[in-house]
Each structure stands twice: as structure tokens, then as C-alpha cells.
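Q: here is my input, please return the structure:
(one chain, ligands or ions: 3)
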Amino acid sequence: MNRKFPSQTMPSIRPHPDFTSLRELPDSYVWNHQADSDYPSSADAESVPIIDLTDPNAVQAIGHACKTWGVFQVINHGVPTHLFHMVESTSRDLFSLPVNQKLKAARSPDGVSGYGFARISSFFSKLMWSEGFTIVGSPQEHFRQLWPHNYISHCDVIKEYKREMKKLAGRLMCLMLGSLGITAEQDIKWAGPKADFKEASAAVQLNYYPACPDPERAMGLAAHTDSTLLTVLYQNKTSGLQVLREGVGWIRVPPVAEALVINIGDLMHILSNGCFPSVLHRAMVNRTCHRLSIAYLYGPASSVKISPHPKLVGPSQPPLYRPVTWKEYLDTKAKHFNKALSWVRAELVSL
Ligand SMILES: C=C1C[C@]23C[C@H]1CC[C@H]2[C@@]12CCC[C@@](C)(C(=O)O1)[C@H]2[C@@H]3C(=O)O
Ligand SMILES: O=C(O)CCC(=O)C(=O)O
Ligand SMILES: [Fe+2]
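A: Ligands and ions are numbered 1, 2, ... in the order given. Below you'll find the predicted structure:
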């Protein structure tokens with residue numbers, strides 16, 4: 001499944017089919033879900049924790065969720081509801097444009113921003129039943145191509161969304177690290193003097209999963225971990241997100257009104273020296289309803305090297321990973337995909 005396909009055979013930009021016109025799932029979209037029987041489909045005996053950020057015990061609850069799940073949902077997070085409606089409406093406007101219009105903002109072969117299949121597509125021989133739009137920095141140039149007359153209001157929505165998400169992600173960083181006895185003020189220099197992670201950077205990923213004629217055999221977004229410190233994920237009312245629980249199987253993460261899903265990413269896995277493992281997750285699709293999700297992929301400023309925190313390292317706990325910048329890690333991920341973490345680990349051994 002993790003075979004790498006040369007980019008010539010799987011370019012990131014192919015003319016997208018008009019999903020709405022397909023009555024049957026083309027063979028190129030049929031995934032072999034046989035391998036899933038290794039992990040029996042869980043009877044939902046367990047569910048991903050839901051944490052109220054206004055609860056005085058939130059730090060402990062977050063620490064426990066990060067150690068044992070790598071994912072949790074947050075409620076009472078303080079992000080105004082209207083912002084989700086606005087960003088959802090920008091997303092809908094974007095994905096409902098005609099294919100040729102969307103391709104005007106296609107991600108270039110060596111670029112990060114723009115419209116296209118998920119970056120990880122190149123590792124799979126089958127196609128995913130989804131479309132994506134990645135925003136790094138300002139979306140203005142791409143949005144101008146898509147909506148020559150009203151791109152500014154869409155840009156403003158993204159700007160506001162990023163501002164709110166950055167605040168929330170900084171708060172979550174403090175809570176997560178706090179649960180490990182690390183204080184952002186004293187122990188994390190790159191958190192800045194106010195410990196607000198002001199210099200942090202991020203990407204926004206808009207995901208669209210059209211309704212699918214044969215959802216059992218299709219795949220929305222293949223199993224992966226995020227190359228981030230943490231990811232804040234908003235999903236609309238249609239379910240589809242699943243996380244892999246060791247020894248249990250794929251567990252659904254149902255949409256909960258007003259809640260946001262928080263994933264631990266690979267860089268947090270490294271920073272916590274493996275205490276907070278990154279979570280493998282995937283998105284399935286639906287026969288009658290389309291699905292939208294918006295991921296805020298949060299990482300450090302470009303000059304920061306992430307390494308196991310000194311407070312979590314000692315004679316009995318050697319550092320398991322070598323220091324990496326976000327860019328270095330993304331390059332490793334682009335080469336080795338789901339084996340990237342072990343590459344960063346293996347390289348330490350070979351130093
Ligand atoms: C900052 C990031 C994180 C990226 C790469 C780059 C921009 C787009 C992100 C995603 C978003 C969709 C899933 C993923 C797996 C993908 O294919 O593109 C992510 C990837 C990663 O987390 O590795
Ligand atoms: O659509 C989803 O629920 C998952 C999206 C995701 O994993 C991502 O954008 O990284
Ligand atoms: Fe993800």
C-alpha cells in the first residue's frame with residue numbers, strides 16, 4: 001500500500017473527473033479494503049474523548065488523551081460559530097466551481113498551495129474520492145483566478161479563520177506541554193516571550209468528498225499521520241473520519257456540534273520523545289451526502305528545529321529522534337510517507 005509511484009505515472013495534477021456524473025465507481029477508484037480485516041471493525045465500544053476547554057481539569061484530560069489516543073475533540077474552544085459557517089461557504093463556493101475553473105488554481109508540480117489531489121496520492125496506485133485545496137501563506141493569487149470579482153471576501157474569511165485557529169493552537173500547545181510538566185514560558189524558547197507561539201506557521205487544507213456511488217470500496221483520504229505539531233480539524237455534519245486505535249481497529253470520530261477534532265502530528269511525537277504518538281487517520285466517503293472538512297495544520301516557524309524536549313530525556317530515556325525543521329520533515333515525508341518518523345529515528349542511530 002505504501003509503494004511509491006514515480007511522479008511521471010502519478011502526477012499531482014490530472015484532469016479531475018466530474019464526480020457528480022459517475023454512476024459507478026471506476027476501477028481506478030476501487031480500493032482493496034481486504035487488508036482492513038487485520039483490524040476488525042470496532043463495535044464503537046470506545047470513543048474518542050471529548051474535552052471541555054473551560055473545565056479546570058482540562059490539562060489532565062488532554063494529557064491522558066494525547067498519551068492514549070493521539071486524538072480528541074474539544075468543545076467550548078471559544079472560536080465563534082459564524083466563522084465555521086463562513087469558511088464552509090467559501091469551501092463550497094470553491095469546490096462547486098466548474099472543473100476547468102478550479103484547474104486555474106491547480107497546485108504546481110513542485111508547489112504546495114492550490115487545488116488538486118492530496119499530496120500523498122503519489123504513494124498509491126488507486127485514486128482517492130476527494131478534492132483538496134491547500135493554502136500556505138496568502139490565498140490571494142489563487143483566489144483571484146477562481147473568483148476574479150469577489151476574491152477579497154473569500155481571502156478575508158481565510159485570514160480570520162487562520163487568526164482564530166492560531167490562537168486556539170497556541171492554547172492547545174500550552175495545555176499539552178503543560179500536562180508533561182513543560183511550561184511554554186520557560187521551557188520552549190520558540191514559544192516567544194508571551195508564550196503565545198506567535199511565530200508559529202500553518203497551512204489550511206480544504207477537503208471535499210463528493211457523495212460516492214460505491215462508498216464501501218472507495219477511499220476519501222488514505223491512512224496517514226499529519227506532519228504537524230497538531231492539527232485542528234473542522235468537519236461538517238457528515239461522518240467519515242476514522243482513527244486507528246492500536247489493538248482495536250478503526251474508530252469513527254463522529255461530528256459533534258460545535259466541536260473541533262485535534263490530532264497529534266509527527267512533530268509533536270518527536271517533541272514529546274514519543275510520549276504523545278501521532279495518530280493514523282483516514283477519511284471514508286458516503287453514498288448520499290458529500291462531506292467537507294477543514295484542517296488547520298500547525299507547526300513551528302521555519303527556522304525552529306524540533307527535537308525531543310530536554311525535560312523528557314534522561315539516562316533512562318534517550319532522545320529517540322534527531323532535530324528537524326518543519327521543512328526537513330516535510331521533505332522526508334514526501335520521500336518516505338508513513339515511514340518518515342522511523343527515518344528521522346534511524347538517522348539518529350547512524351550518526
Ligand atoms: C503542511 C503540510 C502538511 C501536509 C503537507 C503540507 C501541505 C498539505 C498537508 C496535507 C493535507 C492533507 C493530508 C496530507 C497528508 C497531504 O497529503 O497534504 C497533509 C500533509 C502532511 O501532513 O504531511
Ligand atoms: O477529512 C478528514 O476528516 C480528514 C482530513 C485530514 O486528515 C487532513 O486534511 O489531514
Ligand atoms: Fe490528516
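
Q: CA atoms for contacts and neighbours, from now on please.
A: Noted.

Q: what number of residues lie near N150?
A: Look at N150: counted by other CA atoms under 10 Å, it has 11 neighbours.

Q: how about it, nearest residue that isn't a chain neighbour?
A: R144 (7.9 Å; CA to CA, 6 or more residues apart in numbering).

Q: over to A106?
A: Of all residues not flanking A106 in the chain, Y115 sits nearest, at 4.4 Å (CA to CA, 6+ apart).

Q: A strand includes that neighbour, no?
A: Yes - counting by DSSP: H, G, I helix; E, B strand; the rest coil, Y115 is found in a strand.

Q: go ahead and confirm it touches Q101.
A: No - between Y115 and Q101 there is no contact under CA atoms under 8 Å: 10.4 Å.

Q: neighbour count: these two, which is higher?
A: Between Y115 and Q101, Y115 has the larger neighbour count (other CA under 10 Å), namely 25 against 15.

Q: and the pLDDT for the more buried one?
A: Note on Y115: pLDDT of 96.

Q: again with Q8
A: You'll see Q8 listed with a pLDDT of 35.

Q: what bits of the stretch 201-350 of the chain have low per-residue confidence?
A: Where the stretch 201-350 of the chain drops to pLDDT under 70, the residues are 346-350.

Q: just the strands in it please.
A: Secondary structure of the stretch 201-350 of the chain by DSSP state E, counting those that start in this stretch: the strands cover 201-209, 221-224, 230-235, 241-245, 249-252, 260-264, 281-283, 291-299.

Q: can you list these in a markdown table and add mean neighbour count?
A: Listed next are these as a markdown table, based on neighbours: other CA atoms under 10 Å:
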| stretch | mean neighbour count |
| --- | --- |
| strand 201-209 | 22 |
| strand 221-224 | 20 |
| strand 230-235 | 24 |
| strand 241-245 | 20 |
| strand 249-252 | 21 |
| strand 260-264 | 25 |
| strand 281-283 | 22 |
| strand 291-299 | 23 |
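
Q: in JSON lines, list those strands along with distance to ligand 1.
A: Shown next, in JSON lines, are the strands of the stretch 201-350 of the chain (distance: least, CA to the nearest ligand atom, whole Å):
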{"stretch": "strand 201-209", "distance to ligand 1": "5"}
{"stretch": "strand 221-224", "distance to ligand 1": "6"}
{"stretch": "strand 230-235", "distance to ligand 1": "9"}
{"stretch": "strand 241-245", "distance to ligand 1": "12"}
{"stretch": "strand 249-252", "distance to ligand 1": "18"}
{"stretch": "strand 260-264", "distance to ligand 1": "11"}
{"stretch": "strand 281-283", "distance to ligand 1": "9"}
{"stretch": "strand 291-299", "distance to ligand 1": "6"}
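
Q: let me have those strands in CSV, extended by distance to Y29.
A: Shown next, in CSV, are those (distance: least, CA to CA, whole Å):
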stretch, distance to Y29
strand 201-209, 13
strand 221-224, 12
strand 230-235, 23
strand 241-245, 19
strand 249-252, 21
strand 260-264, 27
strand 281-283, 14
strand 291-299, 17
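
Q: please work out the average pLDDT along stretch 73-80.
A: Mean predicted confidence for stretch 73-80 is 98.

Q: ok, and what's touching that stretch?
A: Contacts to stretch 73-80, defined as CA atoms under 8 Å, 6 or more residues apart in numbering, come from residues 48-54, 164-165, 168, 258-262.

Q: how far does stretch 133-143 sit from its chain's centre?
A: Centroid separation for stretch 133-143 versus its chain: 17 Å, with CA atoms, centre = their mean, to the nearest Å.

Q: farthest pair in the contacts of stretch 73-80?
A: Taking CA to CA, the two most distant members of the contacts of stretch 73-80 are V48 and E164; they sit 23.8 Å apart.

Q: which residue packs closest to R107, ignoring adjacent ones?
A: Spatially, and ignoring its direct neighbours in sequence, R107 is nearest to G114 (4.1 Å; CA to CA, 6+ apart).

Q: now do the same contact list for the one you found.
A: Neighbour list for G114: 105-108, 133-135, 142 [criterion: CA under 8 Å, 6+ apart].

Q: so how far is I75 from it?
A: Using CA to CA, to the nearest Å, G114 is found at 30 Å from I75.

Q: same check on Y321?
A: Relative to I75, and taking CA to CA, Y321 is found at 33 Å.

Q: tell me which of these two has more neighbours.
A: Counted by other CA under 10 Å, Y321 and I75 do not tie: Y321 has more neighbours, with 23 against 18.

Q: surely the more buried one meets H309?
A: No - using CA under 8 Å, Y321 is not in contact with H309; the gap is 10.4 Å.

Q: can you check which residues contact both of these two?
A: Going by CA under 8 Å, 6+ apart, residues that sit against Y321 and also against H309 are N273.

Q: what's near enough to touch P300?
A: Neighbour list for P300: 199-202, 229, 326 [criterion: CA under 8 Å, 6+ apart].

Q: name the residue of the stretch 151-300 of the chain that lies nearest to ligand 1.
A: Residue of the stretch 151-300 of the chain nearest ligand 1, by CA to the nearest ligand atom: D226 (3.4 Å).

Q: and for the stretch 1-150 of the chain?
A: Relative to ligand 1, the nearest point of the stretch 1-150 of the chain is R119 (3.6 Å; CA to the nearest ligand atom).

Q: what about that residue, how many neighbours?
A: For R119, the tally of surrounding residues (other CA under 10 Å) stands at 14.

Q: the helix or strand hosting C66 vs strand 241-245, what angle?
A: With elements delineated by DSSP states H and E, C66 resides in helix 58-68, which encompasses its position. Per axes from the mean of the first three to the mean of the last three CA atoms, to 10 degrees, the angle that helix 58-68 makes with strand 241-245 is 70 degrees.
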